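3D model of this:
(one chain, ligands or ions: 1)
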Amino acid sequence: MSTDPSSPAAGAARAEGLLQILVCPACRSRLVADVPASELICTNPDCALAYRVTEDGVPVLLVDEARPTRAEQAPPAEATVSAPTGGSAPAAGRPTGSDVSGT
Ligand SMILES: [Zn+2]
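The predicted model follows:
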């Protein structure tokens, strides 16, 4: 018998122990390990993001890196995170020049 430590599923299997403390960064729901896929799947059906696990067993819990696994691939474009493009600078008050006149 020969064990295969370099199996791609070894990472997810190792990460399975972290599931007790890991939650989905998007919705704070519990995660389940998809060992064959080396992914951590969010248990929230409304979220259902899949986070990949590296070969070292380190789950990449980044929403930006997550892969949506929802059956319905038609998001109503309401959950899309849009970066605030704010170019509004606060009202810059002009410094009050203290006119000190001596002499
Ligand atoms: Zn989630």
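
And the ion, is stretch 42-52 touching that?
Yes - using C-beta under 5 Å from the ion, stretch 42-52 reaches the ion at 42, 44, 47. For every residue, glycine as well, the C-beta is placed using N, CA and C.

list the helices and strands the lowest-mean-pLDDT helix or strand in the chain packs on?
The helix or strand of the chain with the poorest confidence is helix 9-15; it has a mean of 73 (mean pLDDT, DSSP states H and E). The contact analysis (3 or more C-beta pairs under 8 Å, 6 or more residues apart in numbering; DSSP states H and E) places helix 9-15 against strand 31-34, strand 39-42.

Identify each buried residue in that helix, please.
Across helix 9-15, burial judged by 16 or more other C-beta atoms under 10 Å covers 10, 11, 12, 14, 15.

Then stretch 19-26?
Residues of stretch 19-26 classed as buried: 22, 23, 24, 26 (neighbour count, 16+ other C-beta under 10 Å).

Nearest to the ion among these?
Distances from the ion to the buried residues of stretch 19-26, taken as C-beta to the ion, are shortest for residue 24 (3.0 Å).

Identify the residue nearest the closest one in space, chain neighbours excluded?
residue 42 (4.1 Å; C-beta to C-beta, 6 or more residues apart in numbering).

how about the one you found, what does it touch?
24, 26, 27, 29, 30, 31, 48, 49, 50, 51 (C-beta atoms under 8 Å, 6 or more residues apart in numbering).

tell me, how many neighbours does the last one end up with?
Neighbourhood size, residue 51 [other C-beta atoms under 10 Å]: 24.
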